[in-house]
Structure formats: structure tokens, C-alpha cells
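In: give me coordinates for this.
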Amino acid sequence: MTEALIHQAAEKSHDSAEESSATENARLSPADVEAAVHAIADRSRHAARRMARANRAWKDKGLRAIGAALIASKTKILAANAKDVEAGRANGTSAALLDRLTLNEARIEALAAALENLAGLPDPVGNVVRGQTLPNGLRLRQINVPMGVVAAIYEARPNVTVDIAGLALKSGNAVILRGGTAAAATNEALIRVLREALDSVGLPADAVQSVDQFGREGANVLMRARGRVDVLIPRGGRDLIQTVVNNSSVPVIETGEGNVHIFIDESASENMAVEILLNAKTQRPSVCNTVETLLVHSGSTVLPAVAVALRKAGVTLHADARVRAALPASVESVPATDEDWATEYMDLDLAVGMVDNLDEAVKHIRKWSTGHTEAIITNDLANAERFISEIDSAAVIVNASTRFTDGGELGLGAEVGISTQKLHARGPMGLTELTTTKWIVQGEGQVRS
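Out: This is a model prediction of the structure:
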């Protein structure tokens, strides 16, 4: 493959995804795909160096330009999205994934609003983490600096395209995206808008690129591009995440699936329990911070009201024998199995179990949790404190909906994903989580003795 053809293929990152998937896959051998993806990564590396030098005002101008361009281009974006959604329905895509795939005017406006909010946040680059002056006079500072080239692999989530790009740009990085076949047309339209908006304010268009046109082989090359890509973030279902974790030679920040629990303590009030469960389960059941398992203290009296409210909202209750015996005759349920305790439904289904005390609740959560988010509803301060200290998840919530485990809701502007690992970043990953640090040592001729 000639260098000209490699460059032409790499440039396809902002051409039609449908055309490129049909054309490039037919034209390019695995070696050619590798060369083309490496060319994209090298351009990203160059763009990252420029982004690292951009000051806050310049980056914020870029974010606002992207937001305005999204609103101005929403007709084209929605038309592209309609093609993806129609194809998804024809292919039997689940309701949960279709919901994640779908954009509408309100969701596009929310993306633009999130970018405006992001522009209003402090720039993490250059933030002093710690510093001191040593006895020998050396002045030390540890500061936040951009990662460099951030890659993301995700599926059927066009909002992630904008969220990750915005966070990467604000934190001084360049980003390479693999958004998957299901959202190919939408992502192509979004990436074109992003690149044109960046170029309009003098920031490098190559700070946002895609390898979608190279399909799975492009994703595989991206995972092996150690030295060209600084960090890789997978976001999606368990299969996608584990594929990236197990096959990547690029350092990975693992975002996890959300088998999320709520424990209703004996002291919990009925009104609070009903409101929280309805919000945590039904507001948007297809996302990772929706509750999937409800544990109820055997001494609590709120179960009937909670169950009735959930059933009226269309939730199927997968209940253990003790819960089924305690439910009103009018409340339908199905028997729960071990599979239910392990399932991230991402739909209007909820596993429900009964426990006799806080210890049993903690034991159940430790066995089945994915380490994402767990919540307790209680009026007992001692139990709340024990739950906080004994639950080892990325987010622990007291008397509030699990839907708050979200970068935007927690004031981070947006999120790249919710990390369930313990190295570098844990929980919603915002601007600071897309930076690393370096030490600045300033002296006046000191030498080591």
C-alpha cells in the first residue's frame, strides 16, 4: 500500500462511514489497515502536542463552537441517527440498546448544554497537586498534564462521541474514537461537526478522529497501538469491555457494567423508598447506574408500597421466596434465580431479595456486585456509616437515587465512563481523570552529594 493511499484511508475518518466501510474493507489488507490506523494515531499525536499548548480560553472557545455547531446541524444529525435506529430495529436490537442509540432534539440540546457547562469548569491542566521546597533549596511541584492520545471503544452510544471528545479537548488531549457499526451514520455526522468546529476556531481538527471505517480490524489495531496511543477506555457491555481488557497492549482504564444494588433498611421511610426506587429503576432503565437488585430488610414495612409502585410503572419483579410471600396478592412476580442476582438487566426488570440484617445485605452485595454503585435507604445513622465503610464500590449512596452516579450530575461536566477499577481513576471519569501528572523540579545549581 502506498503512503498516499494510507493517507487517503486515514483521511476517511471524517468521510461517510457507510461509504468507507464498504470501500475500505474491500480495498485494504490487514497490513494496510494497520498502516492507516497508525497514520491516524500519528496525526493524533501531533494534534495532542498542539492541544497541550492551548490555553483555557482557546479550548473553551472550541467547546462552545462545537455546541453551537451541534444545534445548527441537528437536522443532519437526526437524519443520520434515524438511519441507524431503523437499521437497529431491523436487526433485532434490544429496546435498551435502541434507547442508547437514539438521539432527538432534546438530547442534542443536552449535549450542547453539557459542552457549555464543561467550558465553565476550571482547566485541570497545570493544577498543582502538591509542592514543597526541600532543605537543599530545590522547589518541587507536581502538576496535572494531559494524557496525550486518548482512545475510546464503545457501542451504540452516539452521545459518548460528544462527551468523550469534549472532555478530551478540555483536558488538552487528542482523541481517537471507535463507536461501532450500530451508530456508524450518526457518529460520522457528529465527528464531521466536531472537526469542522475545531478548525473554525484554529484548533487542530485531528484532535478528534475515528477508526470506524476500518471496522473490527481497526479496533484491533488501535488496541495494539502501544506507544502511539497513551490510554484506551472501553465503554459498553461486559463482552466489549473484557475483549478490550484481554486483548489490548495499550494501557486500559476499565469501565464496568452496573449490577447496582439498593438496600432498604428497617428504618427507611415509605415515601422516600418509593420515590428513590421509581427514579433509580424507571427514569432511564437502559443505563449503567439504574438499580438492578433491591434488597429489603425483613423488618421493613415498605415492601408492599414499593412493589405496587414498581409494578404500576411496568417493572417485572424477579423475587425470592420470602419476598413473594410478603407481597400483596395483587402484585405479580416471577421467582428469582442466581442468574437474576448476577444480571444487569438494563430494562424494566428488578431482582428483589429479603435479608434479616445489614450484614446479610453487605454479604449479598459483596458476592454479586460489579463494584459500580450501591445505595442504602435508612434513617439509622450508624447503619449508614457501616454501609459506607463496608461496601467496596466506586460509588456508595445514602438516601438518594443511584442515577446520581454520573459525571454531569456530580459536577464533572460529563464523563468518559464510570471506572470500577482502583488504579488511576475510580467512579465517574471527568476532566482530572483524563490527566496524569509530572514533577517540576527547579533549582539554582544544586547537585546530589
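
In: wait, Gln442 sits on Leu134?
Out: No. Gln442 is not in contact with Leu134 according to Cβ atoms under 8 Å; the separation is 10.8 Å. Placement of C-beta: from N, CA and C, glycine included.

In: got any residues that touch both of those two?
Out: By Cβ atoms under 8 Å, 6 or more residues apart in numbering, Gln442 and Leu134 have these common neighbours: Leu140.

In: nearest residue to Tyr154 other than its sequence neighbours?
Out: In space, and not counting its chain neighbours, Tyr154 is closest to Arg235: 4.1 Å by Cβ to Cβ, 6 or more residues apart in numbering.

In: for Lys83, give its distance to His364.
Out: According to Cβ to Cβ, to the nearest Å, Lys83 and His364 sit 44 Å apart.

In: tell me which of those two has more neighbours.
Out: Neighbour totals were compared for Lys83 and His364, and His364 leads with 17 against 14 (other Cβ atoms under 10 Å).

In: what sits against that one?
Out: 261, 293, 295, 341, 353, 355.

In: are any of those residues buried, and if so which?
Out: 261, 293, 295, 341, 353, 355 (16 or more other Cβ atoms under 10 Å).

In: identify the farthest-apart pair in the residues you listed.
Out: Greatest spatial distance among these (Cβ to Cβ): Trp341 and Val355, at 12.3 Å.

In: does Thr343 belong to a helix or a strand, and which?
Out: According to DSSP states H and E, Thr343 maps onto no helix or strand at all.

In: number of residues surrounding it?
Out: Other residues near Thr343 come to 19 when the count uses other Cβ under 10 Å.

In: then the one 5 residues further on?
Out: Burial of Leu348 is recorded as 17 neighbouring residues (other Cβ under 10 Å).

In: measure it to Thr282 for me?
Out: Distance of Leu348 to Thr282, computed by Cβ to Cβ: 7 Å.

In: which neighbours do those two share?
Out: Common neighbours of Leu348 and Thr282 (Cβ under 8 Å, 6+ apart) are 313-315.

In: on that earlier part again, these two touch, right, the residue nearest to Tyr154 and Thr255?
Out: Yes. Arg235 is within contact range of Thr255, at 5.1 Å (criterion: Cβ under 8 Å).

In: need the residues touching each of these two.
Out: 241, 416-417.

In: possible to save these as a markdown table with pLDDT and secondary structure?
Out: Below are those laid out as a markdown table (pLDDT from 0 to 100; DSSP: H, G, I helix; E, B strand; the rest coil):
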| residue | pLDDT | secondary structure |
| --- | --- | --- |
| Ile241 | 87 | helix |
| Val416 | 83 | coil |
| Gly417 | 84 | coil |
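
In: which one of these is nearest to Leu140?
Out: Val416 (29.7 Å).

In: who are the contact partners of the closest one?
Out: By Cβ under 8 Å, 6+ apart, Val416 lies in contact with 150, 152, 163-164, 167-168, 233, 235, 253, 255, 407, 429-430, 433-434.
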